[in-house]
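*Asks:* quick one: sequence plus predicted model below, questions after.
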Amino acid sequence: MKVKIGDSVLDMRSVWYDRENRSVGFIDQRKLPHSIETYEANRYSEVAFAIKDMVVRGAPAIGAAAVYGMVLGYHEREVERAAEMLKSTRPTAHDLFHAVDYMLDAIREGKNPEEAAESYVMGSLDACERIGRYGNELIEDGMRILTHCNAGALATVDYGTALAPMRFAHRDGKRIFVWIDETRPRLQGASLTAWELLNEGIDHAIIADNAAGYFMKKGEVDMVIVGADRIAKNGDFANKIGTYEKAVLAKENNIPFYVAAPLSTFDLSIDSGDDIVIEERSENEVLYAQDCRIAPEGSKARNPAFDVTPARYVKGFITEKGIIEPEDVWKLKANVL
Ligand code: MRU
């Protein structure tokens, strides 16, 4: 992704592995957009911390962090412990579990862990690029697209999932405009998606989460594209809290609602969204905004990080295999797609 620092533009990934130092590097997403800092993990426990504390976040980026964390675990001679600790960080994103299991298999089969991890990451990168190309075919010149949270290059290794089609459309010269939900409580839309689109030169506006329906009803949204954290066999999917209500509003206003996600996000072992474990984070993320308490002392809060959107609201899943209709998701398991 393009990262503008002063007058220079760097090409960076959100997560990388330094073979010489045996360390994992991250763009520290807790610090954006105010400062561009990196975070270095030298032990698998530090990678686990980075995932839990959201130095790195977004399902495919968490998957990439996990494969590198497993490489460190291998060198620390604690493969099983590393797998257990990494899996315990965040429960909802399927990519995390997929990535750790992939590395456990690779290590058991005697593969070189560095090479296995790199091949996972290259596959993830390739998937996002293909998502970008397939998704671009859905975007017409002049479209106004709404997105929720950050499903961009920061949330993957590069390109993004929901943002990849927008990147390719923009690079093809299509004039697009992006509505960004601010995404309380952690503001991934306002702080991360806006930062990425600004770096890419894509026209956009941030809106309060509860303004989406207003703009949809006025006819100012042509399409919705969001990412996903886990997709069940029946096409129900989990994504950042607030996605469900955007999907319902999109249907009410006849706006096509797409979900962009790589196959690593599909959990074909579960029948429906009812089986998805939803992470509940600290109430302080709701009670405070940017370290400032906004609620009376003594008030409590609830803070589910994700919600589940039923398959009937989804027009299609944009994947590296092309667009998959929700009723066809099960075919991925049967290998008939
Ligand atoms: O809590 P987060 O910031 O990790 O949640 C991220 C999302 O919900 C994304 O939309 C999802 O992981 C897809 S990222 C390509």
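*Replies:* Now that the structure is in, tell me what you want to look at.

*Asks:* which bits of this protein sit near the ligand?
*Replies:* Applying C-beta under 6 Å from any ligand atom, we find that the chain lies next to the ligand at 57-60, 93, 149, 151, 155-156, 161, 188, 227-229, 239-240, 305. Every residue, glycine included, has its C-beta placed from N, CA and C.

*Asks:* filter the residues you listed down to the ones in strands?
*Replies:* Among the residues of the chain next to the ligand, the ones falling in strands (DSSP state E) are 239-240.

*Asks:* residue in the protein nearest to the ligand?
*Replies:* For the chain and the ligand, the shortest gap (C-beta to the nearest ligand atom) falls at residue 227, measuring 2.7 Å.

*Asks:* and stretch 216-223, what's buried?
*Replies:* Of the residues in stretch 216-223, 216, 221-223 count as buried by neighbour count, 16 or more other C-beta atoms under 10 Å.

*Asks:* same check on stretch 257-270?
*Replies:* 257-268, 270.

*Asks:* could you dump these into TSV and include pLDDT?
*Replies:* Converted to TSV, those look like this (pLDDT from 0 to 100):
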residue	pLDDT
257	99
258	99
259	99
260	98
261	98
262	98
263	97
264	97
265	98
266	98
267	97
268	97
270	97
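
*Asks:* residue nearest the centroid of the protein?
*Replies:* The chain has residue 58 as the residue nearest its centroid, 3.1 Å off, counting by C-alpha atoms, centre = their mean.

*Asks:* wait, that one touches residue 153, no?
*Replies:* No - using C-beta atoms under 8 Å, residue 58 is not in contact with residue 153; the gap is 9.2 Å.

*Asks:* what do these two both touch?
*Replies:* Taking C-beta atoms under 8 Å, 6 or more residues apart in numbering as the contact definition, residue 58 and residue 153 share the neighbouring residues residue 14.

*Asks:* which segments of the chain make up each domain?
*Replies:* 2-125, 136-334 (automatic domain parsing).

*Asks:* now the first one, how far from the centre of its chain.
*Replies:* Its chain's C-alpha centre and that of domain 2-125 lie 14 Å apart, by C-alpha atoms, centre = their mean, to the nearest Å.

*Asks:* next one: stretch 133-148
*Replies:* For stretch 133-148, the distance to the chain centre is 18 Å (C-alpha atoms, centre = their mean).

*Asks:* how about stretch 238-249?
*Replies:* Here the centre of stretch 238-249 is set off from its chain's centre by 14 Å, with C-alpha atoms, centre = their mean.

*Asks:* ditto for stretch 245-264
*Replies:* 15 Å.

*Asks:* for it, measure first residue to last.
*Replies:* End-to-end distance for stretch 245-264, by C-alpha to C-alpha, to the nearest Å: 25 Å.

*Asks:* and the helices in the chain?
*Replies:* 44-52, 59-75, 79-87, 94-108, 113-136, 163-171, 188, 194-200, 212-217, 243-252, 284-287, 330-333 (DSSP state H).

*Asks:* just put the ones you listed in CSV and tack on distance to residue 313.
*Replies:* What follows is those, written out as CSV (distance: least, C-beta to C-beta, whole Å):
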stretch, distance to residue 313
helix 44-52, 29
helix 59-75, 19
helix 79-87, 30
helix 94-108, 20
helix 113-136, 18
helix 163-171, 19
helix 188, 21
helix 194-200, 25
helix 212-217, 13
helix 243-252, 4
helix 284-287, 25
helix 330-333, 18
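
*Asks:* got a list of what the residue of the chain closest to the ligand touches?
*Replies:* Here residue 227 is in contact with 58-59, 149, 151, 155, 160-162, 239-240, 259-261 (criterion: C-beta under 8 Å, 6+ apart).

*Asks:* any idea how far residue 260 is from it?
*Replies:* Plainly put, residue 227 is 6 Å away from residue 260 if you go by C-beta to C-beta, to the nearest Å.

*Asks:* what do these two both touch?
*Replies:* With C-beta under 8 Å, 6+ apart as the test, residue 227 and residue 260 both reach 151, 160-162.

*Asks:* follow-up on the earlier one: filter the buried residues of stretch 216-223 down to just the ones in strands.
*Replies:* Those of the buried residues of stretch 216-223 lying in strands (DSSP E): residue 223.

*Asks:* closest one of the buried residues of stretch 216-223 to residue 145?
*Replies:* Nearest to residue 145 among the buried residues of stretch 216-223: residue 223, at 4.9 Å, using C-beta to C-beta.

*Asks:* so how far is residue 188 from that closest one?
*Replies:* Distance, residue 223 to residue 188, using C-beta to C-beta: 20 Å.

*Asks:* now do the contacts for the spatially closest residue to the residue of the chain closest to the ligand that is not a sequence neighbour.
*Replies:* Leaving aside its chain neighbours, residue 227 sits nearest to residue 151 (2.7 Å; criterion: C-beta to C-beta, 6 or more residues apart in numbering). By C-beta under 8 Å, 6+ apart, residue 151 lies in contact with 58, 160-163, 193, 226-227, 260.
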